[in-house]
Each structure stands twice: as C-alpha cells, then as structure tokens.
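Q: the following block contains a protein sequence and its predicted model.
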Amino acid sequence: MRNDWKDRGATLTSFVGAMWVVRIADAIVPGFHPAVHHGIEPRAIRGLDGIVFAPFIHADFPHLLANTLPLLILGAIALLRGRRDFVFVAVASALIGGAGTWLFGAGDAAHVGASGIIFGLFGYLVFRTVFDRRWSSAIVTVVVILLYGSAMLASLIPEEAVSWSGHFFGFAGGVFAARVRHSRAGTR
C-alpha cells in the first residue's frame, strides 16, 4: 500500500516536473522556444503535434505557476482513486481539449499550457458523481466546486491571450472521462 501512494505521488510530480523542466529550458537555452514549434496551431498541420506537447509548454513563469497549484490539488484528488483515473483523465482531457482547440481555437496564436487538463480534472471530479453514484464522489464534487467553481466559470469567458477553447474542450474531456470510467451501477 505504501508503494502505491509513492507511485501516485511520483506520477503527479513527474507530470508537473516535466512542465517545469520545459519552462526552465525555454528560459535558459538559446533558441529553444517550444511554444513556437510545438504549441497547438489551430487548423494547421504543423500544429497537430501540439495536441500532445502543449500541456507541458507554458508561455512564461507566471503562466506555469498559475497552472501548477490547481494541477497539483486536482490531480492529487483524482489520484485518491488510483493512477489509472488520473492518467486516463489527463490523456482524455489533453486529446479532446487539444483536438477542440485545433479545430475551434483562435488561429493567430500557438496555444500552450496545462489548463485544458486542469479543466478536465475539474470536469471529471464534478461529474464523476453522476456516473458512479458514490457518496465519496459527491463529497469530492462539493469540495471541488467550492474550491474552484467560480474560477473555472470565469476562465471560460473568452479573453485576450487565454485559450477559452482549451478550457472548454478540456472540461468536455473530463466529463467524457467520467462517463467512460464509471457506470451508474458503480465504478469499473
């Protein structure tokens, strides 16, 4: 059991650590600039790889800091049920959020950041109760809404230099993950 908790912690810290490594490399390695080459560029073939890489790339340190704390908190809550839940939600949110951003995002920018996964974790934790009907999930739903509900709603409003499409479709990815991962009769 102890090793399982260590593995869960390692999963989350590895994910967040990778974001920090990319940001630090971008700050100190001349010509690195991953956002230019690996961000999601809507409706451009060269922007498709951003669906995979964009969650690890951040425009600057304030952007990275704004993504780190909610990712740690919501990721830790998702990890309470195991690594599979966290990994499944992160992948579903990244793919659905990235594909939605590629299709519908503002075409004049490279979209980067882990906020789509954060919104996916939020959507998953809020809507998991609908599908698994567990009291523990309902308690988590209430706590997550109290902690992040107003911030998440405010972040869905289109704003200059903020990828509302990444937020919206990441959230949709989290709801999709909740539906696929859990059934009304109980968890899988």
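A: Received the coordinates, thanks. From a predicted model like this one, the values you see are computed outputs, not experimental measurements.

Q: so which strand or helix has Leu125?
A: Using DSSP states H and E, Leu125 sits in helix 115-132.

Q: packing partners of that helix?
A: helix 61-79, helix 83-104, helix 135-155, helix 164-181, strand 182-183 (3 or more C-beta pairs under 8 Å, 6 or more residues apart in numbering; DSSP states H and E). Using the backbone N, CA and C atoms, a C-beta is placed for each residue, glycine as well.

Q: okay, buried residues for the second one please.
A: In this case it means helix 83-104. Neighbour-count burial for helix 83-104 flags 85-86, 88-90, 92-98, 100-102 (criterion: 16 or more other C-beta atoms under 10 Å).

Q: and what of the first one?
A: Of all the residues in helix 61-79, those buried under the rule 16+ other C-beta under 10 Å are His63, Leu64, Ala66, Asn67, Thr68, Pro70, Leu71, Leu74, Gly75, Ile77, Ala78, Leu79.

Q: pull the CA atoms of that helix into CSV?
A: Taking Å, rounded to 0.1, in the frame of the first residue of the first chain, the C-alpha atoms of helix 61-79 are listed here in CSV:
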residue,chain,number,x,y,z
PHE,A,61,6.7,31.5,-15.3
PRO,A,62,3.5,33.3,-14.2
HIS,A,63,1.6,31.1,-16.6
LEU,A,64,3.4,28.0,-15.3
LEU,A,65,2.7,29.0,-11.7
ALA,A,66,-1.0,29.6,-12.4
ASN,A,67,-1.2,26.0,-13.8
THR,A,68,0.9,24.3,-11.2
LEU,A,69,-1.1,24.7,-8.0
PRO,A,70,-4.5,23.7,-9.4
LEU,A,71,-2.9,20.8,-11.2
LEU,A,72,-1.3,19.5,-8.0
ILE,A,73,-4.5,19.9,-6.0
LEU,A,74,-7.0,18.5,-8.5
GLY,A,75,-4.5,15.8,-9.6
ALA,A,76,-4.0,14.7,-6.1
ILE,A,77,-7.7,14.4,-5.6
ALA,A,78,-8.1,12.4,-8.7
LEU,A,79,-5.2,10.2,-7.6
